[in-house]
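In: sequence and computational prediction follow.
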Amino acid sequence: MVKAIRIEETGGPEVLKYVDVEVGEPGPGQVRLKQTAVGLNYIDVYHRTGLYPVQPPLVIGLEAAGEVVATGEGVSDLKPGDRVAYASPPLGAYAEERLIAADRVVKLPDSIDDQTAAAMMLQGMTVEYLIRRTYQVKAGDTVLWHAAAGGVGLMACQWLKHLGATVIGTAGSPEKMALAKAHGADHVINYREENYVEKVKEITGGKGVPVVYDGVGKDTWEGSLDCLKPRGLMVSFGNASGAVPPVNLGILSAKGSLYVTRPTLMTYTASREDLVESAGAVMDVVGKGIVKIEVNQTYPLSEAEQAHRDLEGRKTTGSTVLLP
């Protein structure tokens, strides 16, 4: 038996229970992992609350790093002792050990430690697909990134600066503003005290930006549209403040023939080829020091409930890792 965090029903952080679970032998195409670090992400909250539908009882979590301890039939490119990481379904990362399809994990280079790996995969690949594929950011572009001091935001600020973009970030406190600025944001707006739409228009000389990256959701939806230039792209990739309500598509024409997309990492890494390319791009920028991963909080796996409370209470910055 090994320990894991399982939910018997959806709900608040209190539904996260530290329990014993059975982990069998790997089947064809699977590996068994002994996990050393588990990434905490806001999508875990969506699964725990049922915002993204799940079928309890189950172990939640999408991201971790660890070591292969056994391989199933047909697995030829991995062997016991290999260090690997992943950020893919099915859920089950909040555990000391687990089974997972071998084609969903990638080998880790010696230059990247386990905690960094667990913190960089889901958030790093999210940044990768958003800025390289959903909208291909070019040198000279000005972009607006909400929640710039979060784990995804801090990685994005660094990577965007490397690409030559001007980064406008939003944050909710002077401390978080300073953090975003230190990681490459050119302008940071305190959304609690300033009208970010007016500030974006001021920064861009009234033109607006070609793309807004919004992981906040309901609270920033309308304002984000007003920050876009005509034919700009609204990238809604998260719901930290709640889901965006139903939208009258006519608002997009009224505000300048705007585009909207609601992408997910799972679609952008669905094929093995896309997964390897995305993870490779993340490992490249992290390995070269272009993007520095800030693991600012760690919790024992058994304290996942408190980690969720702190994440939802906006008490965390950068990345958070659970330690089995």
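Out: Looks like it arrived, so ask away.
In: CA atoms for contacts and neighbours, from now on please.
Out: Fine.
In: strands along the stretch 1-150 of the chain, start to end?
Out: Shown for the stretch 1-150 of the chain, the strands assigned by DSSP state E, counting those that start in this stretch span residues 2-7, 17-21, 30-40, 58-59, 63-71, 83-87, 97-101, 105-107, 142-145.
In: for the fourth one, packing partners?
Out: Using 3 or more C-alpha pairs under 8 Å, 6 or more residues apart in numbering; DSSP states H and E as the contact test, the elements touching strand 58-59 are strand 2-7.
In: got the angle for the strand it packs on vs strand 17-21?
Out: Relative orientation of strand 2-7 and strand 17-21, computed by axes from the mean of the first three to the mean of the last three C-alpha atoms, to 10 degrees: 130 degrees.
In: mean confidence score for strand 2-7?
Out: The average pLDDT within strand 2-7 is 98.
In: try stretch 88-96
Out: For stretch 88-96, the per-residue pLDDT averages 96.
In: how about stretch 138-147?
Out: Averaging pLDDT along stretch 138-147 gives 98.
In: which residues sit against it?
Out: If you take C-alpha atoms under 8 Å, 6 or more residues apart in numbering as the criterion, stretch 138-147 is touched by 153, 163-172, 209-216.
In: can you get me a residue count around the nearest residue to Pro89 once chain neighbours are set aside?
Out: Spatial nearest neighbour of Pro89, excluding adjacent residues (C-alpha to C-alpha, 6 or more residues apart in numbering): Leu62 at 6.0 Å. Using other C-alpha atoms under 10 Å, Leu62 is surrounded by 23 other residues.
In: report the central residue of the protein.
Out: The structure's the chain has its C-alpha centroid closest to Gln123; by C-alpha atoms, centre = their mean the separation is 3.2 Å.
In: how near is that residue to Ser88?
Out: Distance, Gln123 to Ser88, by C-alpha to C-alpha, to the nearest Å: 12 Å.
In: three-state assignment of Glu273?
Out: The three-state assignment at Glu273 reads helix, by DSSP: H, G, I helix; E, B strand; the rest coil.
In: returning to what we had before: the residue nearest to Pro89 contacts Ala87, doesn't it?
Out: Yes: shown here, Leu62 and Ala87 form a contact pair, counting by C-alpha atoms under 8 Å, at 5.3 Å.
In: give me the common contacts of those two.
Out: Common neighbours of Leu62 and Ala87 (criterion: C-alpha under 8 Å, 6+ apart): Leu122.
In: domains of this protein: list them as residue ranges, please.
Out: 2-121+269-323, 139-262 (automatic domain parsing).
In: out of these, which is closest to Leu130?
Out: domain 139-262 (8.1 Å; C-alpha to C-alpha).
In: list the contacts for the nearest residue to Ser88 once chain neighbours are set aside?
Out: Leaving aside its chain neighbours, Ser88 sits nearest to Leu62 (5.5 Å; criterion: C-alpha to C-alpha, 6+ apart). Applying C-alpha under 8 Å, 6+ apart to Leu62 gives the contacts 39, 44, 86-93, 122.
In: next, give phi and psi for Leu62.
Out: phi -120, psi 0 (degrees, to the nearest 10).
In: can you tell me how far it sits from Ile203?
Out: 37 Å.
In: repeat for Asp219
Out: Asp219 is 22 Å from Ile203, by C-alpha to C-alpha.
In: same check, this time on Gly289
Out: 29 Å.
In: who's more crowded, the two?
Out: Higher neighbour count among Gly289 and Ile203: Ile203, with 15 against 11, using other C-alpha under 10 Å.
In: list the contacts of that one.
Out: So Ile203 contacts nothing (C-alpha under 8 Å, 6+ apart).
In: list the contacts for Gly39?
Out: 61-64, 118-119, 122, 319-322 are the contacts of Gly39 under C-alpha under 8 Å, 6+ apart.
In: list the contacts of Thr264.
Out: Phe237.
In: measure it to Val235 for me?
Out: From Thr264 to Val235 the distance is 10 Å (C-alpha to C-alpha).
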